[in-house]
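In: Here you go, sequence then predicted model.
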Amino acid sequence: EADQKLGALRTKSGRSNLPQHLRSTSMSCSDKLVRWGLLGLQGVTSVCEPIRLSSLLVGRDPNTATIMDQKEALERSITRRIV
């Protein structure tokens with residue numbers, strides 16, 4: 001969408017013709033990765049130690065102009081999220 005804001009909770013809908021008030025809110029993929037990195041894959045629980053990701057494999061995005069553009073977007077969305 002043209003009105004996306006970096007770092008904001010996004011509103012998504014499978015149908016773009018729905019009015020804004022009918023769209024559901026959901027976390028972006030990068031929001032989920034940061035959450036899993038901080039809390040572990042199982043979320044907040046005191047039952048066991050957090051299960052954390054040790055690596056992440058990302059495929060080439062055909063909609064990104066260059067590899068460097070994709071690298072910049074990944075760095076911004078994953079490593080620069082926590083300040």
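Out: Okay, I see it. Numbering: from 1, shown residues only.
In: can we go C-alpha only for contacts and neighbour counts from here?
Out: OK.
In: can you give me the strands in this structure?
Out: For the chain, applying DSSP state E gives strands covering 10-12, 24-26.
In: Out of those, point me to the one whose mean pLDDT is lowest.
Out: Sorting these by mean pLDDT places strand 10-12 lowest, at a mean of 59.
In: Low-confidence bits of the protein, can you list those?
Out: Residue ranges of the chain with pLDDT under 70: 1-16, 25, 46, 81-83.
In: And the longest helix that it contains, what's buried?
Out: Criterion DSSP state H: the longest helix present in the chain is helix 29-39. Counting neighbours by 16 or more other CA atoms under 10 Å, one finds that the buried residues in helix 29-39 are 30, 31, 33, 34, 36, 37, 39.
In: Ok, stretch 72-83 next?
Out: By 16+ other CA under 10 Å, the buried positions in stretch 72-83 come out as 77, 78.
In: sorry, back to before: quick one: which of the buried residues of helix 29-39 is nearest residue 80?
Out: Taking CA to CA as the measure, residue 80 lies nearest residue 34 of the buried residues of helix 29-39, at 9.8 Å.
In: In space, not sequence, find me the middle residue of this protein.
Out: Central residue of the chain (CA atoms, centre = their mean): residue 30, 1.8 Å from the mean position.
In: Assess the claim that residue 70 and residue 64 are in contact.
Out: Yes: counting by CA atoms under 8 Å, residue 64 is a contact partner of residue 70 at 6.1 Å.
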